[in-house]
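Enquirer: mind folding the following:
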Amino acid sequence: VESAETALAEVVAFKNGWTNDSEGGKKLTSLKGMLSRRKKKLEQPNLSTETVDKLELEIDLCNVEIKELRLIKQNLEDDVQAKMDARTEPRKQLEIMEAKSMGSMSKFLCDMRQTS
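Expert: Numbers count the residues shown, from 1 in each chain. The predicted model follows:
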């Protein structure tokens with residue numbers, strides 16, 4: 001259980017570091033802001049075709065980067081959940097074994113009472 005605790009702490013620290021990193025979570029937030037500004041700018045009247053093309057390209061690029069960063073974020077969250085599950089799994093297995101042995105003991109005692 002101790003190594004599972006350590007693994008969980010390490011993956012949480014990495015996820016938190018990524019969230020606060022300029023190439024991770026902060027970039028994701030920045031891209032979302034940029035995307036909404038570009039979309040708003042695209043709604044302005046009387047834009048030249050060149051400006052519209054440029055804005056649409058920037059929007060497409062933002063969307064691609066956002067998808068990539070969201071995938072990384074989701075993978076990090078999945079890693080944290082997996083480590084949390086790994087941390088609790090040995091306890092669950094122990095509880096199952098204890099329940100089975102208690103069930104066997106109860107059955108044994110019931111059998112003993114019936115035979116006496």
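Enquirer: residues contacting the residue nearest in space to the middle of the chain?
Expert: Here the mean C-alpha position of the chain is nearest to the C-alpha of E77 (C-alpha atoms, centre = their mean), at a distance of 1.8 Å. Going by C-beta atoms under 8 Å, 6 or more residues apart in numbering, E77 touches K15. The way it works is simple: take the backbone N, C-alpha and C, and place the C-beta from them, glycine included.
Enquirer: angles on the backbone of it, please.
Expert: Main-chain torsions, E77, degrees, to the nearest 10: phi -60, psi -40.
Enquirer: again, but for N46
Expert: Dihedral angles (degrees, to the nearest 10) for N46: phi 60, psi 40.
Enquirer: distance check, it against V52.
Expert: As for N46, its distance to V52 is 11 Å (criterion: C-beta to C-beta, to the nearest Å).
Enquirer: show me which of these two is the more surrounded one.
Expert: Between N46 and V52, counted using other C-beta atoms under 10 Å, V52 has the larger neighbour count: 13 against 5.
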